[in-house]
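> Pasted the sequence and its predicted model underneath.
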Amino acid sequence: MFVLELTYTAPVERVDALMAEHITWLDEQYAAGVFIASGRKNPRDGGVILAVGEDRAAIERIAAADPFAAHGVCAYRITEFIATKTAPALAPYRQQLP
């Protein structure tokens with residue numbers, strides 16, 4: 001599993017101008033089964049996405065395709081972790097330690 005942390009690198013007005021494209025990109029990743037949660041950080045200086053997948057390179061490619069990243073209004077920090085414990089509703093995403 002991956003935590004994708006976005007930090008805005010441009011004024012929020014530039015971010016907001018790309019919001020519709022960003023939401024479309026998010027919707028595509030939810031439909032593909034890659035994203036399981038997302039939202040704005042508080043205070044609003046970026047966002048957080050929880051993603052599932054076994055391939056870090058694939059997650060990095062997906063993040064690079066975000067209109068926010070493509071237009072240079074955010075930077076991504078991607079953290080991979082092994083989700084060995086979850087809420088019951090997330091049981092399908094539980095992982096075993098190597």
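Great, that's in hand.
> Now do the contacts for L50.
For L50, the contact set (Cβ atoms under 8 Å, 6 or more residues apart in numbering) comprises M1, F2, V3, L4, F35, I36, A37, S38. Backbone N, C-alpha and C define where each C-beta goes, glycine included.
> And E54, how far from Y93?
E54 sits 12 Å away from Y93, going by Cβ to Cβ, to the nearest Å.
> Neighbour count for those two, which is higher?
Y93 (13 against 9; other Cβ atoms under 10 Å).
> Tell me the spacing between that one and P11.
35 Å.
> what sits opposite the residue positioned nearest the centre of the chain in the beta ladder?
When Cα atoms, centre = their mean is applied to the chain, the residue found nearest the centroid is I49 (3.1 Å). I49 forms beta bridges with L4, S38, as assigned by DSSP bridges.
> Report the contact partners of it.
Neighbours of I49 in contact, by Cβ under 8 Å, 6+ apart: V3, L4, L6, L26, F35, A37, S38.
> Looking at those residues, which is nearest T84?
Set against T84, the nearest of these by Cβ to Cβ is V3 (15.0 Å).
> shouldn't that closest one be in contact with A63?
No - using Cβ atoms under 8 Å, V3 is not in contact with A63, being 11.4 Å away.
> joint contacts of the two?
Jointly contacting V3 and A63 under the rule Cβ under 8 Å, 6+ apart are I78.
> Looking at the two, which one has more neighbours?
A63 (22 against 14).
> Helices of this protein, start to end?
Listed in chain order, the helices of the chain (DSSP state H) span 12-17, 19-31, 56-64, 67-70.
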